[in-house]
Structures are given as structure tokens and as C-alpha cells.
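Asker: sequence and predicted structure are below.
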Amino acid sequence: MKHNKYVSPFRMSKKGRVLVAMSGGVDSSVAAMLLHEEGYDVVGITMKTWDYASSGGSKKETGCCSLDSINDARMLAVKYGFPHYILDLRTEFGDRIIDNFVEEYMAGRTPNPCVMCNTHIKWDALLRRADMMDCEFIATGHYAKIREENGRHVISKGLDDWKDQSYVLWGLKQESLKRTIFPLGNFRKPEIRQLADERGFNELAKKGESYEICFIPDNDYRGFLKRKINGLADKVNNGDYVTPEGEVIGKHRGYPFYTIGQRKGLDIAVGEPRFVTEIDVQTNKITLGEIGDLKKDKMTVGRYNLLKYDTLPDNFEAHTKIRYKDPGAKATLKMDGDKIKAYFNRTVNAITPGQSAVFYEGDDLVGGGIIESATA
């Protein structure tokens, strides 16, 4: 389909034109403010990736795709005098991210949809629309930094350790990064709230954090899976809990409703703390072990993407995180065809297939991939 060429109502600034992803939250809003004040020709865009009706949850509609959030983004754009558009990605998001989310749980893995969305949906969608609007750059409100070094574009951790979001950006490609700006990389969250407040956006400055998966606003992923797959509970219900030795010790609600390392919500009493240590999709069996059974010292990572280097030297040492808020541990990385084998210098807890393994050199993001197994 042929698109009409976008014509900005403003004269192109010397800084250039930038397409800013605006969720309506304080972070992306302040990112747009800062770029506008720096002299960029800003165009705001809000991506609608899902709708409340399709999620089927019971919680009031909130978050990045709610009407209130879209209106908040638009009102800020109006106040600052730059254009704002809505980009409907519901079909594409559902086909790629939500379907993958369901498939991963049905395969006994625990996915990270935010990583998948950044890698396969948001950046591609932003860059396509940026080209249509003659925008040289795209920008988001992520707490991360980016620089060019030795001909490559390198992401590093944001100044705010607690808010650092480099972990969810490992899948981005070089051609995307060379046009990306992260205005918040050198700020801490309280400073961002203060900037919004000083500019008269008092309610925006007070907006709370959102920790839920965007398309599961009630944070009940088990209920979401049941609504997405007709008869799911009947198909997987009454599987066996077993010990590491194979002894049956109880019944569970179905393997997709559990994740490696889970302790709460097991609905079984065996006298001492038990954790999910293994999920067997074929037999619908869940192994419950002790905390020591979760400790592993190696893993295999697939579908990897490297950012700082185009390849890794032999026995490359990296600080390795196996989940978003994981403090990380040192690991030796070895390239093995289309896999990376990671050998930790100490045991780590609950390596979970489907989650992202992300590798750092100091504050620099070396790359990442999807955990396939706690073996190598």
C-alpha cells in the first residue's frame, strides 16, 4: 500500500527530526520534553499493542494502551506544540508476542514478552514509521545509554541502577541502534519526576510504576492462558508432583501454570520447603526439590544477539544475568555454533528456560539470548 509522504508543520531543526515512543507515562513523556527542549523536531507516537477487551481480565484498564494513557501523551504533545499519532499494532503484536507467550508456557518455558516486543515489534514499527515521516532518529524512555565505539553502537547500563533497562534491549540490531536515542540514560527516576513537576505536569510526575505484563493487567497469567486456550485446564489438570527420585507426592493444576524456582502457590505440604525444579511437558509431571536442587553452574543459550562485538573470543568472561532483577554472576562464555555455552564461577539459582541470559562487560551490554537449558 502506498503511503502519502509526511510533511512536518514545523521547520526542520538543526538537531534533526526524532520520532518519540510515548506511552503516556512519566518516563517517555519527559524523554519527549527533553528532546524538544534540546532543539529536536519531535514527533510523538503512541503504539497500541493490545486492547482491554481481548485480554479478558477483571482489572480496570490501565497502562500503556489505555485510553487515559493515550490522552495523556496527546495532551503533552499539544502543550509542547508537536504532532502526535497513534499506531495500531494489535494484530502484529497478537500474532507475534501473545502467541509466542502462550506457546512458550505450553512448551514448559517461562517467556519474557518485553524482550520479544522490543526485539521484534517496537523498534521495527518505529523505524518504519520514522522513514515515512522523514525522522532521522527514534527515541524511547528506557533507562539505558548508547554510544558508538569501533564502528559499533553499544548499549550500556543507565545511571539509575534500580531502573536500568538494558536487560530488555539485548535483541536490538546494529541498524536499529544507530538511529536510537535514549534521553534518560543519565538520569535517576526521582529526577525525572522532578522534571515533569517543574514543567507543570504534576499528575504525570506522580504516576505509579507499572510492573505487570502490558496485556495481562490483572497480573494473572494463568487466567490469561485459560482464556486464550479453550479447555486448557481440562487438558493439563491433575498432573503428578514427583520427587527428584520419581516418587509421586501429590497432584498439580497443570504444568503451564508453574515456573522453575516457584515455591508459593504449590498447594502441597510435605514438611519442608519445596521448589519447582523441573517441568516435564510430555508427562505433565512437575518435580519438586529442595533449594539445593535449583543451583546450577552452567547453561546453554540460543537465539543470541551480540551488540558490543561481532563475535566473542574464546573463553570470554562476562557478568551474566539470568533474569531482570538478578544481580548476576561471572561466567565464561564459549561459542558453539548457533549456541552460547555459559560456565559460571559459582552456582546460580533457578536457571529458567525461556528467560533471557544477558551478558555484560562492566556496564556495557555485550549481548544476550534465550536460555534453553541448565546444561552445557
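Answerer: That came through fine.

Asker: what sits against residue 164?
Answerer: By C-beta atoms under 8 Å, 6 or more residues apart in numbering, the residues touching residue 164 are 143-144, 157-158. The way it works is simple: take the backbone N, C-alpha and C, and place the C-beta from them, glycine included.

Asker: residue 335 reaches residue 309, doesn't it?
Answerer: No. Under the criterion of C-beta atoms under 8 Å, residue 335 is not in contact with residue 309, lying 10.9 Å apart.

Asker: what's the separation between the residue lying closest to residue 314 once chain neighbours are set aside and residue 315?
Answerer: Of all residues not flanking residue 314 in the chain, residue 334 sits nearest, at 6.9 Å (C-beta to C-beta, 6 or more residues apart in numbering). Separation of residue 334 from residue 315 (C-beta to C-beta, to the nearest Å): 7 Å.

Asker: again with residue 125
Answerer: Distance of residue 125 to residue 315, given as C-beta to C-beta: 39 Å.

Asker: of the two, who's got more company?
Answerer: residue 125 (20 against 9; other C-beta atoms under 10 Å).

Asker: please tell me I have it right and the more buried one contacts residue 90.
Answerer: No. With contact defined as C-beta under 8 Å, residue 125 does not reach residue 90; the gap is 11.6 Å.

Asker: widest-spaced pair of the contacts of residue 164?
Answerer: With distances taken as C-beta to C-beta, the most widely separated pair in the contacts of residue 164 is 143 and 157, at 8.4 Å.

Asker: quick one, which of these two is more surrounded?
Answerer: Taking other C-beta under 10 Å, residue 143 and residue 157 do not tie; residue 143 has more neighbours (24 against 20).

Asker: how close does the closest residue to that one other than its chain neighbours get to residue 19?
Answerer: Spatially, and ignoring its direct neighbours in sequence, residue 143 is nearest to residue 158 (3.5 Å; C-beta to C-beta, 6+ apart). Applying C-beta to C-beta, the value for residue 158 to residue 19 is 21 Å.

Asker: spatially nearest residue to residue 333 (excluding sequence neighbours)?
Answerer: Leaving aside its chain neighbours, residue 333 sits nearest to residue 316 (4.7 Å; criterion: C-beta to C-beta, 6+ apart).

Asker: for that neighbour, what are its contacts?
Answerer: Residues near residue 316 by C-beta under 8 Å, 6+ apart: 332-334, 366.

Asker: residue 281 is in contact with residue 108, correct?
Answerer: Yes. The pair residue 108 / residue 281 is scored as a contact, 4.2 Å apart, by C-beta under 8 Å.

Asker: what do the two both touch?
Answerer: With C-beta under 8 Å, 6+ apart as the test, residue 108 and residue 281 both reach residue 255.

Asker: so between the two, which is more surrounded?
Answerer: Shown here are residue 108 and residue 281; by other C-beta under 10 Å, residue 108 has more neighbours (20 against 13).

Asker: doesn't the more buried one belong to a helix?
Answerer: No. Applying DSSP: H, G, I helix; E, B strand; the rest coil, one finds residue 108 to be coil, outside a helix.

Asker: what are the ranges of the helices in the protein?
Answerer: 26-38, 52-55, 67-80, 90-93, 99-106, 113-117, 123-132, 174-177, 189-198, 202-205, 221-228, 232-236 (DSSP state H).

Asker: got the ones you listed as TSV, with mean pLDDT and distance to residue 361 columns?
Answerer: Output for the helices of the chain, formatted as TSV (pLDDT from 0 to 100; distance: least, C-beta to C-beta, whole Å):
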stretch	mean pLDDT	distance to residue 361
helix 26-38	97	26
helix 52-55	58	39
helix 67-80	93	36
helix 90-93	93	33
helix 99-106	96	29
helix 113-117	95	20
helix 123-132	96	23
helix 174-177	97	17
helix 189-198	97	25
helix 202-205	94	35
helix 221-228	93	33
helix 232-236	86	42
